[in-house]
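[1] here's a sequence, model it:
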Amino acid sequence: MHRSRIEVEVTEGGLPPFWDRSVAFFANLLALFFGNESQTMVLQDAVGEVDSYGGRLIPILNLLFRGSDNVLVLERRPDEALCEYFPAELGLSLPKMQTLSHEEYLAAGRRVLEGEHHKAEEILGELARHGSEWVDGYVTDEGLERIAGRMGKRTITTAKGSRHGNNKWYLFEALRERDLPCVETHVAGSRDDVSECLARLGEAGFREAVLKAQIGGSGIGMVKFPETGRGVSMPPLDDYLFFEGPAMVQGWLEPGVGGVARIHSPSVQMFLDDSRVHLFDITEQILSHESVHEGNESPPPYLVRGSAVRDELLRQAGEAGEWLHEVGYRGTASTDFLLAEPDNGGMPAVYVCEINARVTGATYPSVLARHFRPEGAWLLRNLRVSEPLEGDRLLEMLRAPGHLYRAGMESGVLPVNFNLGQDGLVRKGQFLCLGESPAECHELLKRAEEDLPMDWSYVRD
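    Model (predicted):
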């Protein structure tokens with residue numbers, strides 16, 4: 001089958017040319033699963049304070065969209081002290097901010113669908129009259145398309161492009177069509193098919209396996225099986241896993257199986273404009289044993305510029321980006337990989353694992369890091385504090401011993417976002433360490449932990 005070739009550019013340090021547009025960006029994280037409400041409830045329960053994750057966009061929106069009139073629509077009000085820190089000490093410009101709860105977002109989309117446009121405009125308020133030409137969000141679902149249409153604006157990507165671009169099954173089919181390597185995969189149309197999939201993976205030599213729903217995120221939509229073979233016991237499998245249709249059951253790559261010595265989890269950060277795919281950073285994902293995202297760092301120490309494995313990683317990222325462009329997605333994205341080092345010392349095997357077609361957990365630290373330190377290193381961790389506290393107090397705890405990053409510094413800790421409880425106190429946050437090397441970034445975080453008069457724990461994104 002003939003495919004049109006999309007130009008792929010690799011940016012070595014710095015950032016690609018992002019949108020020269022103004023936008024009304026909806027931080028609609030709870031729309032991530034395109035109407036799969038059961039899966040959304042699992043996300044809320046597992047992650048916690050999920051309605052304040054949109055705050056991660058505050059420091060980067062005016063870097064992604066260089067127009068003069070951006071507005072960020074959050075699901076709840078952000079921490080005021082952090083919003084003062086960004087312009088005062090980092091020199092960043094911030095978008096205008098408005099709040100629209102997930103329930104109001106859904107209601108506005110329904111009102112437009114039902115033809116009750118005046119009621120939709122009552123919900124949207126000033127947004128209905130905002131001067132930008134474009135609308136975007138974490139995902140573009142049908143509700144966002146309806147809202148944009150009622151506002152007389154265009155979406156950056158289509159609902160179809162956004163949904164297809166986040167679909168793991170569609171990606172898997174595209175990888176096979178492009179003759180890219182894939183981990184052994186079997187299809188489960190329902191719960192009843194999973195046992196046979198596990199049996200076949202056991203016969204192929206895999207000790208463990210994973211079921212992946214077609215659309216998922218932050219570990220939601222993925223079930224790990226600690227054993228394979230015939231007659232193994234299985235945990236309950238929820239209906240939401242099959243909301244989009246059949247699920248994939250894949251062999252779990254791990255050291256000691258199939259001649260694998262070590263597994264790495266690199267991720268290539270991408271930006272897709274109307275005509276090109278830009279690859280602008282390579283990170284290493286920090287994952288739990290269950291493969292749930294807990295942070296990122298860059299650059300991965302095992303990927304040397306000019307090496308064959310790095311070139312292969314970027315080649316496959318370019319192929320994945322071309323597919324993503326073809327299905328109609330535009331904007332930032334991350335292509336996640338598995339890199340399997342063989343025990344014979346040969347060339348590592350590179351596998352595309354998934355694409356997250358949105359602003360991801362690696363996008364915002366990468367954009368900030370490459371803005372302030374184009375050639376430096378960075379580390380991003382999600383930290384939960386032992387005792388809730390005010391945002392300004394947490395900032396002062398970092399500032400007093402000299403850990404808080406300010407524009408022009410060579411290194412430091414940059415708080416990107418605070419996740420707030422219902423009382424407005426910080427429960428969790430995303431903290432970016434900037435330095436000359438990954439080792440220095442880890443040392444920065446260690447010193448900050450030692451100096452702060454409180455405890456924290458590392459948690460999932």
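
[2] show me the shaky parts of this protein.
    By pLDDT under 70, the low-scoring segments of the chain are 1-4, 289-291.

[3] which ones are touching G429?
    N382, L383, V385, L394, P415, V416, N417, F418, N419 (Cβ atoms under 8 Å, 6 or more residues apart in numbering). Bear in mind the C-beta positions are built from the backbone N, C-alpha and C, glycine included.

[4] measure L63 to T360 for me?
    15 Å (Cβ to Cβ, to the nearest Å).

[5] what does F65 give?
    Going from F65 to T360 by Cβ to Cβ gives 17 Å.

[6] what do you get for T228?
    30 Å.

[7] skipping its backbone neighbours, what lies nearest S190 in space?
    Among residues not flanking S190 along the chain, F242 sits closest, at 6.3 Å (Cβ to Cβ, 6 or more residues apart in numbering).

[8] hang on, isn't the one you found packed against D193?
    No: the criterion here is Cβ atoms under 8 Å, and F242 misses it with D193 at 10.0 Å.

[9] so T228 and T360 - more neighbours on which side?
    Counted by other Cβ atoms under 10 Å, T228 and T360 do not tie: T360 has more neighbours, with 25 against 22.

[10] could you look up the SS state of the more buried one?
    Counting by DSSP: H, G, I helix; E, B strand; the rest coil, the backbone at T360 sits in coil.

[11] that one - nearest residue in space that isn't next to it in sequence?
    By the measure of Cβ to Cβ, 6+ apart, the closest residue to T360 outside its immediate chain neighbours is S334, 4.3 Å from it.

[12] ok, now S275?
    Using Cβ to Cβ, 6+ apart, the closest residue to S275 is E7 (6.6 Å).

[13] wouldn't the one you found be in contact with V277 here?
    Yes: E7 lies in contact with V277 (Cβ under 8 Å); the separation is 7.2 Å.

[14] those two: which is more packed in?
    Comparing E7 with V277 by other Cβ under 10 Å, the one with more neighbours is V277, at 24 against 11.

[15] helix or strand: which one has that one?
    Using DSSP states H and E, V277 sits in strand 276-287.

[16] in that strand, what counts as buried?
    V277, H278, L279, F280, D281, I282, T283, E284, Q285, I286, L287 (16 or more other Cβ atoms under 10 Å).

[17] packing partners of it?
    If contacts are counted by 3 or more Cβ pairs under 8 Å, 6 or more residues apart in numbering; DSSP states H and E, strand 276-287 sits against strand 7-10, strand 266-272, strand 293-298, helix 308-326, helix 363-372.

[18] if we use 10 Å, what do you get?
    Applying 3 or more Cβ pairs under 10 Å, 6 or more residues apart in numbering; DSSP states H and E, one finds that strand 276-287 makes contact with strand 7-10, strand 260-264, strand 266-272, strand 293-298, helix 308-326, strand 331-342, helix 363-372, strand 377-389.

[19] hmm, back to that, who wins for neighbours among the contacts of G429?
    Within these, most neighbours by other Cβ under 10 Å means F418, with 27 neighbours.
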